[in-house]
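A.B. asks: Everything below, folded, please.
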Amino acid sequence: MKVQGRQSVMQSGRRWVGVLLVSVLVAGCSSAGGDESDSDSAAAGDATASASPTPATELTFNVDEGASGVPVDTALTVGVSHGQITAVTAHFGGKATRKTTLDGDLTPDGASWTAASLLEPGKRYTVSVTTRDESGKVSTESRAFRTQQLTLDQQAYASLSPMDGATVGVAMPVIVRFDIPVKRRAEVEKRLVVSSTPKVEGTWSWMSDSEVHYRPRKYWPAGTKVKVHAGINGVRTAKGVWGQEDRDTAFTVTKRAVTTVVDVSRHKATVKINGKVARVLPATTGKPGFQTRNGTKVIMEKHPTKRMDAATTGISEGSSEYYNIENVRYAMRVTNSGEFIHAAPWSTGSQGSANVSHGCTGLSTSNAAWLYGISHIGDPVKFIRSDRKVLEPQNGWTDWNVSYAEFAKGSALS
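C.D. replies: Residues are numbered from 1 along each chain as shown. I've put the predicted structure just below:
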């Protein structure tokens with residue numbers, strides 16, 4: 001605008017010269033020169049007014065220069081008047097790197113910038129903002145501040161399951177566990193994001209203050225690719241406690257969907273692959289007093305061999321029901337209380353005709369090896385027609401043992 005002002009003055013000057021020439025030429029013929037002189041004076045006044053100084057850009061920060069103890073749940077923002085923000089660099093430490101830089105979003109009109117994530121504790125941040133004023137002049141302004149210090153006891157750490165890069169079954173829930181109980185569930189849940197290809201509908205549900213699960217409305221489609229982002233860094237999770245760091249994981253659902261139905265009263269396990277019956281396996285399940293629970297369970301662990309000690313299920317060594325068996329083969333856990341599917345060569349005579357176990361599902365060694373070989377953690381196993389009707393909530397991954405509507409009631413955002 002200053003340049004335009006100078007041009008306006010020069011143009012007015014040229015117009016003034018032109019008027020003088022015309023005035024000289026017609027002076028002997030007319031007395032109108034006085035009117036033209038008044039008009040040119042007004043034009044010169046307009047030119048002077050247009051040459052007023054361009055207003056300086058003014059930045060506004062939501063954190064003061066040199067501030068200390070800035071809360072880690074602060075979302076850094078920068079605004080500008082009389083200009084545009086063209087770039088912002090915010091980082092902690094001496095050098096900006098991918099790990100130390102705070103990403104952010106600039107509005108399309110360049111009026112403001114907001115950090116996309118919260119702050120790290122005990123760090124000195126430097127913020128550099130480049131602006132362009134209304135005349136096109138570019139300038140950069142920097143500020144620095146320091147965030148609050150936090151102990152580990154003031155930081156909640158989140159662990160994610162499945163592990164990054166895992167291939168899982170179609171019933172696998174996403175599980176987030178916290179080492180410090182979460183009291184501000186809604187604030188945390190807002191920061192938990194699941195995306196998938198193909199896109200499916202799903203919801204979170206809190207199992208406790210320390211654990212939250214996500215499941216889709218129906219089983220994951222075979223071959224689905226899933227990404228999970230827990231953006232909890234700096235989020236206040238409870239009084240005096242904040243999220244320790246963001247966590248991410250990505251996993252793939254197997255292209256071969258294995259689903260199993262164990263018919264307790266008919267002593268058989270029907271295994272389907274991608275919806276088609278692959279095999280019907282003779283099986284034995286829990287005998288009277290140790291009946292296997294009804295309900296939809298999910299394979300939680302796989303062990304080529306495992307020691308099975310009845311003491312872990314509450315049976316004392318002095319009991320006639322006590323057992324301690326080394327190297328039980330092809331063991332797959334489906335409940336926290338100790339139900340497994342495994343090879344049971346000692347009960348092949350009863351498999352397909354009687355229930356003689358202490359609650360596990362016993363198969364022949366060859367059948368157990370086959371099922372183990374095609375199964376993944378996250379495969380569903382549904383038990384039907386048992387006299388033991390109730391599968392206790394959270395006795396394993398019981399997410400599918402309730403309706404989707406019931407599961408969704410556990411969301412802090414529902």
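A.B. asks: Helix, strand, or coil at the residue lying closest to residue 264 once chain neighbours are set aside?
C.D. replies: Using C-beta to C-beta, 6 or more residues apart in numbering and skipping residues adjacent in sequence, the residue nearest residue 264 is residue 386, 3.9 Å away. The way it works is simple: take the backbone N, C-alpha and C, and place the C-beta from them, glycine included. For residue 386, the assignment made with DSSP: H, G, I helix; E, B strand; the rest coil gives coil.
A.B. asks: Could you verify that residue 315 is part of a helix?
C.D. replies: No: with three-state DSSP as the criterion, residue 315 is located in coil rather than a helix.
A.B. asks: Average pLDDT for stretch 253-265, rounded please.
C.D. replies: What stretch 253-265 shows for mean pLDDT is 98.
A.B. asks: what comes up buried for that stretch?
C.D. replies: By 16 or more other C-beta atoms under 10 Å, the buried positions in stretch 253-265 come out as 253-254, 256-264.
A.B. asks: ok, back up a step: show me the contacts for the residue nearest to residue 264.
C.D. replies: 264-265, 285-286, 291-294 (C-beta atoms under 8 Å, 6 or more residues apart in numbering).
A.B. asks: Next: residue 266.
C.D. replies: The contact partners of residue 266, taken as C-beta under 8 Å, 6+ apart, are residue 385.
A.B. asks: gap between it and residue 390?
C.D. replies: Distance, residue 266 to residue 390, using C-beta to C-beta, to the nearest Å: 21 Å.
A.B. asks: got it, and residue 304?
C.D. replies: 32 Å.
A.B. asks: same deal with residue 305?
C.D. replies: Distance, residue 305 to residue 390, by C-beta to C-beta: 31 Å.
A.B. asks: need the helices for the chain, in chain order.
C.D. replies: Here the chain has its helices, by DSSP state H, at 2-26, 33-50, 185-189, 365-374, 404-408.
A.B. asks: then the last one to PDB, C-alphas only?
C.D. replies: What it means is helix 404-408. Output in PDB follows, covering the C-alpha atoms of helix 404-408 (Å, rounded to 0.1, in the frame of the first residue of the first chain):
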ATOM      1  CA  TYR A 404     -23.500 -54.500  20.400                       C
ATOM      2  CA  ALA A 405     -26.000 -52.200  22.000                       C
ATOM      3  CA  GLU A 406     -25.100 -53.500  25.500                       C
ATOM      4  CA  PHE A 407     -21.400 -53.300  24.700                       C
ATOM      5  CA  ALA A 408     -21.800 -49.700  23.600                       C
END
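A.B. asks: In terms of pLDDT, where does the residue nearest to residue 264 sit?
C.D. replies: 98.
A.B. asks: and if you look at residue 312?
C.D. replies: Taking residue 312 on its own, its pLDDT is 89.
A.B. asks: which residues touch the residue nearest to it when sequence neighbours are not counted?
C.D. replies: Nearest residue to residue 312 in three dimensions, chain neighbours excluded: residue 338, at 6.1 Å (C-beta to C-beta, 6+ apart). Taking C-beta under 8 Å, 6+ apart as the criterion, residue 338 is in contact with 312-313, 359-360.
A.B. asks: Phi first, then psi, for residue 338.
C.D. replies: Here is the backbone geometry of residue 338 (degrees, to the nearest 10): phi 120, psi 10.
A.B. asks: Quick check: it vs residue 285, distance?
C.D. replies: 13 Å.
A.B. asks: Residue 381 too?
C.D. replies: Using C-beta to C-beta, we find residue 381 at a distance of 11 Å from residue 285.
A.B. asks: Give the residues shared as contacts by those two.
C.D. replies: Shared contacts of residue 381 and residue 285 (C-beta under 8 Å, 6+ apart): residue 262.
A.B. asks: neighbour-wise, which of those two wins?
C.D. replies: residue 285 (29 against 25; other C-beta atoms under 10 Å).
A.B. asks: Disregarding flanking residues, what is the spatial nearest neighbour of the more buried one?
C.D. replies: Nearest non-adjacent residue to residue 285, counting by C-beta to C-beta, 6+ apart: residue 292, 4.1 Å away.
A.B. asks: Enumerate every residue touching that neighbour.
C.D. replies: Residues in contact with residue 292, defined by C-beta under 8 Å, 6+ apart, are 262, 264, 285-286, 339, 355, 357, 359-361, 383, 386, 388.
A.B. asks: those strands in the stretch 201-350 of the chain, which residues are they?
C.D. replies: With DSSP state E, counting those that start in this stretch, the ranges of strands along the stretch 201-350 of the chain come out as 202-208, 211-216, 225-230, 236-238, 241-243, 247-253, 258-263, 268-273, 276-282, 295-298, 301-309, 324-333, 340-343.
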